[in-house]
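S.K.: Predicted coordinates and the sequence they were generated for:
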Amino acid sequence: MEKFVKFQGIAAPMPLINIDTDMLIPKQFLKTIERTGLGKNLFYEMRYDKSGNIIQDFILNSEPYNSASIIVGGANFGCGSSREHAPWALKDFGIKCVISTSFADIFFNNCFKNGILAIILSDKDRDTLMEDAQNKEKSVLTIDLENQKILRSNGVSIQFEVDGFKKYCLLNGLDDIGLTLKNFEKISEFEKKYTDKFSWS
Amino acid sequence: MSKSKTLYDKIWDNHLIYSNDDTSLIYIDRHLVHEVTSPQAFEGLRTAGRRVHSPQKTIAVPDHNVATTLDRLTNFGNEEGRKQLDTLDKNAKEFGVHYYPVNDIRQGIVHIIGPEQGWTLPGMTIVCGDSHTATHGAFGALAHGIGTSEVEHVLATQTLIQQKSKNMKVEVYGTLGKGVTAKDITLSIIGKTGTAGGTGHVIEYCGSAIRDLSMEGRMTVCNMAIEGGARAGLIAPDEKTISYLRDKPNAPKGKEWDKALEFWKTLFSDKNAKFDKEVSLNAADIAPVVTWGTSPEDVLAITEKVPSPSNFEGSKIDAAKRSLDYMGLKPGVRLQDINVDAVFIGSCTNGRIEDLREVERIVRGKKVKSGVRAMVVPGSGLVKKQAEEEGIANVLMEAGFDWRMPGCSMCLAMNADQLLPEERCAATSNRNFEGRQGRGGRTHLMSPAMAAAAAITGRLTDVRDL
C-alpha cells in the first residue's frame, strides 16, 4: 500500500445522510475480479442517466469537484454492504479522504485497508467543512494525518482523532497480513491451546 | 469473583490472541466465502505466495450471481457473473476449501447453508465478505461481515484485526400479536433505533418474544442487525438451538457433542453484565410493518399513511423528500392503497423453510393477483427440496408464483432477477436502497406473510385482514 502523505485537495460536499454502498457502487459493477478500474462507476446511478449520459448537476460531475480528492459527507456514510468495491471505486476516482460525523463500521475499516483516511468529526466541525466545500473558493483543504489536522483555506485548522494503529499503518503504507504474520508464533501457540479446549470447532 | 460478562465479552475473550492498545487480533472459527467478495483476496494470496491457513474451516459457495432458472447449468445468462463463478470454482479447488458448487443440492445462500450444514455453532467467531453474516448470531456465535482485504487476511492467518465493539441490549418482551412475525420485530427495532443506532455495537437480542421465536425467526432478527448499524447481533443459545443443531452434518458427534453441549450452556450474559446501550420493545406494540422509503429505518405499521417530509427533523427532511420522490409516493396516502407490480420472496433474511410455510398458509386456495409477477426463491437446494416434499411448492405454483432455483436473486439483483424502472415490489429481503433491486425499482420491505398477502391483493395489505 502507498504511504499516506500530507496532501491538499478539493473537497466535494455530499450532505445527504445514509449514503449507502449501493449508491457508491451499484451491484452491476461487483462482477469484476480486479481491484482497479471502478472509479468511472463511482456513484453510477447518480452520475449518469439511464442512457449513460453524464448528469451535469451531480456534484462529482461539476467543476472543480470532478477533481475532488476529499468528500465531506452526511451522517452514517457507507451504510449497507461489506463490498470493498466501494472504497476501491472511491480510490480509483481519486478520493483519499472522507469526512463525516459517522460511518458504517465495515465501510470505515475498508477505507483504511485501502489507504483512504476516514475522519469522524463533530456536527459543528463537519458543518464548517461542509460550508467550505460548498463554496468553490474555499473548497481546498489540506489533510495532515501526522499532526491530525485539517487545514482550511482561511488558515484555520480543525483537529481530528484517529486510531493509533490505523494511523501507523496508513503513514507507513503497511500491509496488515505481513504485520500479523510477524506474530505467527503467538497465533500458533493460541491455536494449539484453543484446539485442545474446543476440539469440535 | 470474576467480572460479570456479556455473551459478546465471553466469545471475544475466548478468541483473543493478543491486544495492543485498542487493536486486537482475534481467532476465527469459520470463514464463509462467496464469489463476489473473494476473487481479489485469493489473487492476493497467490501473488504473495501464501496458502489458506485453515482450509478445513473455510466454506465456499456461489450465491450472489447464480441464475435462478431451472436450466441454469447450461444457460447461465450472465457472462460476467459466470467469470466470478469460474474463479470461485478454481480457487476453491486450488486452495482445498469446503465447496458447494452450483450443481450440488446443498448449494444456496451462504447464510442459509452455514447453519443448515452445521458449520455455524454457538460460541464461534464466524466471518464472511458479506454484511448479512450477522445472521449466524442467532446461534450465539459472533458473526459479522468483513471487506475483501480482511477476507484475504483471514484466509492467510485465520485471524482478524479488530477493535472491540460496545455492548447493546435489545429486549423484546411480551407476546407477538396475530400476523406479527420475526421480520416485523427486526424492522420495528430498526424503525425505533435508526440505521445508525447500533453503530460500533454488538447487539444481544433477548426477552420472551425473542425466546419464543424458532431458529429461523431468530436468524431473521439477527440478519438485519447490520441494517440497524450493528456489525453483529447475538441470541444466547437454548434448547431450540441445540435441537436445531443435533443432526446437522458438520455438528460435533458423540463425545464431542457432549463436550460442546457443556460449553454451550455457559454462553449467556451474566446477570449483572453491563451494557453500554439498552433498548426495549413491547411485542404487543409491534404491528405488521412495511417500509415506505429508501432506508430500512423508514418503517411504519401497515395501518399508517405515507409520511410527509415535514414529519422529520434536520437532515432527514431532505432524505425523506428524496425517498418519496424515488418511491413515487405522496404524503398522506394510506399504505394499504399502494399497488405493487412484483413480489419477491426469498433472501438470507427470509428464504428458509419456515418462511415458505408461512407464505403457503396465506396463499393456499388463493391466486396471485392478475398482472403481479410473484417469485419465490428458496434459500438453498435443501430448502427447495423440503418445500417440494411438503407440498408447499405445488400450492405456490398453483397460486401463480414462479418457483425458482436457490440464490440471492432479486435481493440485490446481480443476476437477471431485477425490477424494471418504477416497478414496485413487496420484498422479503433486507434493503430498500435506491436501485437495490434494479435501477429505478421501488422496494417495500416486509415479512413473508405480508408479501404473500400483497401478492394476492396486488397492493400492500394487512395480513390480519385476509
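M.R.: Nice, I can see it.

S.K.: got the residue ranges for the strands in chain A?
M.R.: A:7-14, A:70-73, A:97-100, A:117-120, A:140-144, A:149-151, A:157-159 (DSSP state E).

S.K.: so how many other residues sit close to residue 86?
M.R.: I'll assume chain A. A:Ala86: 30 surrounding residues under other C-beta atoms under 10 Å in any protein chain shown. C-beta coordinates here come from the backbone N, C-alpha and C atoms, glycine included.

S.K.: Switch to chain B, please.
M.R.: B:Asp86: 14 neighbours (other C-beta under 10 Å).

S.K.: What residues does residue 31 make contact with?
M.R.: Since you didn't name a chain, this refers to chain A. Listed by C-beta atoms under 8 Å, 6 or more residues apart in numbering or on different chains, the contact set of A:Lys31 reads B:36, B:65, B:80-81, B:83-84, B:414.

S.K.: Correction: the question concerned chain B.
M.R.: B:54, B:57-59, B:126-128, B:151, B:154-155, B:158.

S.K.: about what we covered before: ChimeraX command to pick out the buried ones of the contacts of A:Lys31?
M.R.: Buried members of the contacts of A:Lys31, defined by 16 or more other C-beta atoms under 10 Å in any protein chain shown, are picked up in ChimeraX with:
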select /B:36,65,81,83,84,414
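
S.K.: Confidence-wise, which of the contacts of A:Lys31 comes last?
M.R.: In terms of pLDDT, B:Glu80 ranks lowest among these, with 82.

S.K.: Grab the nearest non-local neighbour of that residue.
M.R.: In space, and not counting its chain neighbours, B:Glu80 is closest to A:Lys31: 3.9 Å by C-beta to C-beta, 6 or more residues apart in numbering or on different chains.

S.K.: Model confidence for that neighbour, exactly?
M.R.: pLDDT for A:Lys31: 94.

S.K.: can you give me the helices in chain A?
M.R.: Along chain A, counting by DSSP state H, helices occupy A:21-24, A:44-47, A:85-93, A:105-113, A:123-134, A:164-172, A:176-181, A:184-197.

S.K.: Tell me if the top strand by length along chain B is near chain A.
M.R.: In chain B, with assignment by DSSP E, the single longest strand is strand B:166-173. No - Strand B:166-173 lies apart from chain A when judged by C-beta under 8 Å from any C-beta of the partner chain; the minimum separation is 11.1 Å.

S.K.: What residues sit buried inside the longest helix seen in chain B?
M.R.: Longest helix of chain B, by residue count under DSSP H: helix B:79-95. Buried residues in helix B:79-95, counted by 16+ other C-beta under 10 Å: B:81-85, B:87-89, B:91-92, B:95.

S.K.: From these, pick the one nearest A:Asp132.
M.R.: A:Asp132 has its nearest neighbour among these in B:Gln84, at 41.3 Å by C-beta to C-beta.

S.K.: Make sure the closest one is actually in contact with B:Thr37.
M.R.: No - assessed by C-beta atoms under 8 Å, B:Gln84 is found out of contact with B:Thr37, at 9.8 Å.

S.K.: residues shared between the contacts of those two?
M.R.: Here B:Gln84 and B:Thr37 share no contacting residue, scored by C-beta under 8 Å, 6+ apart.

S.K.: can I assume B:Asn394 sits in a helix?
M.R.: Yes - counting by DSSP: H, G, I helix; E, B strand; the rest coil, B:Asn394 falls inside a helix.

S.K.: what sits against it?
M.R.: Going by C-beta under 8 Å, 6+ apart, B:Asn394 touches B:Glu388.

S.K.: Low-confidence ranges, chain B, go.
M.R.: Low-confidence segments of chain B (pLDDT under 70): B:1-2.

S.K.: mind running it again at 90?
M.R.: For chain B, the stretches with pLDDT under 90 are B:1-3, B:20-22, B:73-81.

S.K.: near chain A, from the contacts of B:His31?
M.R.: Contacts with chain A within those, counted by C-beta under 8 Å from any C-beta: B:Gln158.

S.K.: can you pull the contacts of B:Asn103?
M.R.: The contact partners of B:Asn103, by C-beta under 8 Å, 6+ apart, come to B:Leu73.

S.K.: helix/strand/coil for it?
M.R.: Classification of B:Asn103 by three-state DSSP places it in coil.

S.K.: And for B:Ser24?
M.R.: Assigned with three-state DSSP, B:Ser24 falls in the strand class.

S.K.: I'd say it and B:Ile161 touch.
M.R.: Yes - using C-beta under 8 Å, B:Ser24 is in contact with B:Ile161, at 7.4 Å.

S.K.: Could you report the neighbour count for A:Asn61?
M.R.: Burial of A:Asn61, expressed as a neighbour count using other C-beta under 10 Å, amounts to 15.

S.K.: Spatially nearest residue to it, not counting backbone neighbours?
M.R.: A:Ile54 (5.3 Å).

S.K.: what's the burial count for the spatially closest residue to B:Pro378 that is not a sequence neighbour?
M.R.: Residue nearest to B:Pro378 in three dimensions, not counting chain neighbours: B:Lys384, with 3.9 Å by C-beta to C-beta, 6+ apart. For B:Lys384, the count of nearby residues is 24 (other C-beta under 10 Å).

S.K.: go on, B:His111?
M.R.: By other C-beta under 10 Å, the burial measure for B:His111, its neighbour count, is 33.

S.K.: residues contacting residue 66?
M.R.: The chain I'm using is chain A. Residues in contact with A:Asn66 (C-beta under 8 Å, 6+ apart) are A:Leu60.

S.K.: that's the other chain; I wanted chain B
M.R.: B:72, B:81, B:85, B:102, B:107, B:405-408, B:415.

S.K.: how about a cut-off of 7 Å?
M.R.: Contact partners of B:Val66, counting by C-beta atoms under 7 Å, 6 or more residues apart in numbering or on different chains, are B:72, B:102, B:407, B:415.

S.K.: what two of those residues are the furthest from one another?
M.R.: Maximum pairwise distance among the contacts of B:Val66 (C-beta to C-beta): 11.7 Å, between B:Val102 and B:Asn415.

S.K.: what helices or strands is the helix or strand of chain A with the lowest mean pLDDT leaning on?
M.R.: In chain A, the helix or strand scored least confidently by mean pLDDT, DSSP states H and E is helix A:176-181, which has a mean of 92. For helix A:176-181, the packing partners by 3 or more C-beta pairs under 7 Å, 6 or more residues apart in numbering or on different chains; DSSP states H and E come out as helix B:148-157, strand B:159-163.

S.K.: outside of the first one, which residues touch it?
M.R.: Same thing as helix B:148-157. For helix B:148-157, contacts defined as C-beta under 7 Å, 6+ apart pick out A:84, A:113, A:176-177, A:180-181, A:187, B:28, B:31, B:33, B:37-38, B:40-41, B:44-45, B:50, B:52-53, B:58, B:127, B:129, B:146, B:160.
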